[in-house]
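# Have a look at this prediction, sequence included:
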Amino acid sequence: MKKRSFTFPSLRLYAVFGFVGLLIFVYLFQAGRSLVAMAYYQQFTAATAPGVVTMTTAQQDAARRLLTAAIRLNDRNPHYHHALGNFLFQLYDASSLPEMERQREDGLQAAETSLKTALWLDPGSAWNYYELGRLEEVISPCDDLSMFDASTSCPGATFFVSALQHAPNHLFLRKSVGLWLYYRGRETAFQIIRDVIAFYTKNPQKREVEFSKFLYDMQLDYESDRYGPVKSIDDPKILSERCLQDASSACFPIPELEGEGIECHSDAGTAAWRAFLNSDAMRIKKIICVPPHLDEYTSASLNVLMNNGGNGNFTARFYLDEQLIKQYDATDPIPRTAAWYEIPFDIHLLQGKSNSYVTIYVRVAGVSHVKNYLQIWGTQDEPTSYSVFNFNTTEDLSLEQGTQTGEYMIRLRLRK
């Protein structure tokens, strides 16, 4: 009888099968750990949904253990480290007791470590940079960007700018970071924003449009018009020349004032449609020509045909150029009846505007599509010359069905 023996090829085949089996075992083991980690993370998400600050100490500790367990099982997932950093940031940033100061510092340092780990694992995420910017602003506040030139001068600004560079078209980041920069140094903020736009936009003309839209998204409407590209309806030279011709002929005596006041407007006087503002991303813009001889008058106001289109309250802000002149809110709501409402303002805001123009901007907040929104009425019987909807729309002045052209019914009143 012949003896059987394993040949070298047979040994190699068994070794290959063994290695493959080991890989499958390792894969299944890691997959199992990842699934359990995901379950812990989902429990953490559900536990913290009401808000970290409103949770009891026991609930906070339990939530932290869930997330720590998830990281222990899968420490390569950047979302878990980001969540832990954000959780610790919220937890310890709210602590203000003097005896807790040391614990607060340690907690914020742990939050920073977690967020930096998330950034190292996922360097392309704008939100890792954004959260680190928020955290650095608490650890080492930066109130002045005038000397911002390196990461050591303002770490928070550096992370915020990186967040914008990684998601330049994200509306929340554009507005949140843009405003943060603006209120710590306008000119520096403008330069940073221009640099961010240049980072992804090569066409110079498109850069100017993007910069103007950036400012518009931040609700810096006057700055958006001033620093953005000159649009035909906004060309200061064209507007000044047009107002020089139209201002006097577009001002009419106010009957009830018996010759002691005038009202200047460009609308035909009959309401034909409504422009409704039901989002804080929407805006109404109205250019009003200012007549000569302002020194004859002692007071000024806007006269606006408007109403609350829903059944709830909201905030509405009226600006004359860059100056807020009126805010309606729950304590001073806009009525639900459509009528002319007068908004007085300091006549000195018109100084230097004779034979020129001012721009009225209307913005809202806390609105919804059906419950509470602002309606401003318009006329249809004349070409659109002084009204703009949203960023730069003049062809259709409202989202109402059909095409709305003409002028918004916003007027300037002057009294002697």
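That came through, no problem. Just so it is clear, the structure is predicted and the values come from calculations on it, not from any experiment.
# any idea of the pLDDT on the most centrally placed residue in the chain?
The residue lying closest to the centre of the chain (C-alpha atoms, centre = their mean) is residue 175, at 3.2 Å. The model reports residue 175 with a pLDDT of 86.
# same thing with residue 164?
89.
# Next, it: phi, psi?
With angles defined as degrees, to the nearest 10, residue 164 sits at phi -60, psi -40.
# can I assume it is in contact with residue 176?
No. Residue 164 is beyond contact range of residue 176, at 9.7 Å (criterion: C-beta atoms under 8 Å). Using the backbone N, CA and C atoms, a C-beta is placed for each residue, glycine as well.
# which of those two has more neighbours?
Between residue 164 and residue 176, counting by other C-beta atoms under 10 Å, residue 164 is the more crowded of the two (28 against 18).
# Now do the contacts for residue 313.
With contact set as C-beta atoms under 8 Å, 6 or more residues apart in numbering, residue 313 has these partners: 329, 330, 333, 366, 372.
# Now that we have the residues you listed, can you turn them into JSON lines and tack on pLDDT and neighbour count?
Formatted as JSON lines, the contacts of residue 313 follow (pLDDT from 0 to 100; neighbours: other C-beta atoms under 10 Å):
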{"residue": "329", "pLDDT": "94", "neighbour count": "14"}
{"residue": "330", "pLDDT": "91", "neighbour count": "10"}
{"residue": "333", "pLDDT": "93", "neighbour count": "15"}
{"residue": "366", "pLDDT": "93", "neighbour count": "13"}
{"residue": "372", "pLDDT": "90", "neighbour count": "20"}
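# residues contacting the residue nearest to residue 319 when sequence neighbours are not counted?
Spatially, and ignoring its direct neighbours in sequence, residue 319 is nearest to residue 361 (4.3 Å; C-beta to C-beta, 6 or more residues apart in numbering). Contact analysis of residue 361 by C-beta under 8 Å, 6+ apart lists 221, 222, 283, 284, 285, 318, 319.
# Select from those residues every entry located in helices.
Among these, the members found in helices (DSSP state H) are 221, 222.
# Pull up the per-residue confidence for residue 322.
pLDDT at residue 322 comes out at 93.
# That one: neighbouring residues, count only.
Neighbours of residue 322 (other C-beta under 10 Å): 14.
# on that earlier part again, any idea how far the residue nearest to residue 319 is from residue 49?
37 Å (C-beta to C-beta, to the nearest Å).
# repeat for residue 221
Going from residue 221 to residue 49 by C-beta to C-beta gives 36 Å.
# Equivalent analysis for residue 301, please.
Distance, residue 301 to residue 49, by C-beta to C-beta: 48 Å.
# Next: residue 368.
In terms of C-beta to C-beta, residue 368 sits 22 Å off from residue 49.
# same deal with residue 126?
Shown here: residue 126 relative to residue 49, a distance of 23 Å by C-beta to C-beta.
# ok, those two, which is more surrounded?
Per other C-beta under 10 Å, whichever of residue 126 and residue 49 has more neighbours is residue 126, with 17 against 7.
# list the contacts for that one?
When contacts are counted by C-beta under 8 Å, 6+ apart, residue 126 touches 162, 163, 164, 166, 167, 170, 173.
# Tell me which two in these are the farthest apart.
Across the contacts of residue 126, no pair lies farther apart than 162 and 170, at 13.1 Å, counting by C-beta to C-beta.
# Could you tell me which residues within stretch 314-334 count as buried?
Under the neighbour-count criterion of 16 or more other C-beta atoms under 10 Å, stretch 314-334 has 314, 315, 316, 317, 318, 319, 320, 321, 325, 326, 328, 334 buried.
# Distance to residue 416 for those residues - can I get that in CSV?
CSV is the format used below for the buried residues of stretch 314-334 (distance: C-beta to C-beta, whole Å):
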residue, distance to residue 416
314, 35
315, 34
316, 29
317, 29
318, 24
319, 26
320, 20
321, 24
325, 21
326, 23
328, 28
334, 29
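# Take those residues and keep only those in strands.
Secondary structure from DSSP state E places 315, 316, 317, 318, 319, 320, 325, 326, 328 of the buried residues of stretch 314-334 in strands.
# got a list of what the fifth one touches?
Neighbour list for residue 319: 221, 222, 325, 360, 361, 362, 363 [criterion: C-beta under 8 Å, 6+ apart].
# after the helix or strand of the chain with the lowest mean pLDDT, next one along is what?
Every helix and strand of the chain was ranked by mean pLDDT, DSSP states H and E. The lowest is helix 8-48, at a mean of 67. Once the chain leaves helix 8-48, the next helix or strand it forms, by DSSP states H and E, is helix 57-73.
# Distance from that next one to the middle of the chain?
33 Å (C-alpha atoms, centre = their mean, to the nearest Å).
# who's residue 359 bridged to?
residue 287 (DSSP bridges).
# from what I can see it touches residue 321, true?
Yes. The pair residue 359 / residue 321 is scored as a contact, 5.8 Å apart, by C-beta under 8 Å.
# still on that earlier bit, which of the contacts of residue 126 count as buried?
162, 163, 164, 166, 167, 170, 173.
# Now do the same contact list for the fourth one.
Applying C-beta under 8 Å, 6+ apart, one finds that residue 166 lies in contact with 124, 125, 126, 129.
# Looking at the one helix or strand the last one maps to now, give me its mean pLDDT.
Secondary structure from DSSP H and E places residue 129 in helix 126-139. Taken as a whole, helix 126-139 has an average pLDDT of 93.
# Ok, stretch 224-241 next?
Across stretch 224-241, the average pLDDT comes to 70.
# quick revisit: just say helix, strand or coil for the residue nearest to residue 319.
With DSSP: H, G, I helix; E, B strand; the rest coil as the basis, the three-state label of residue 361 is strand.
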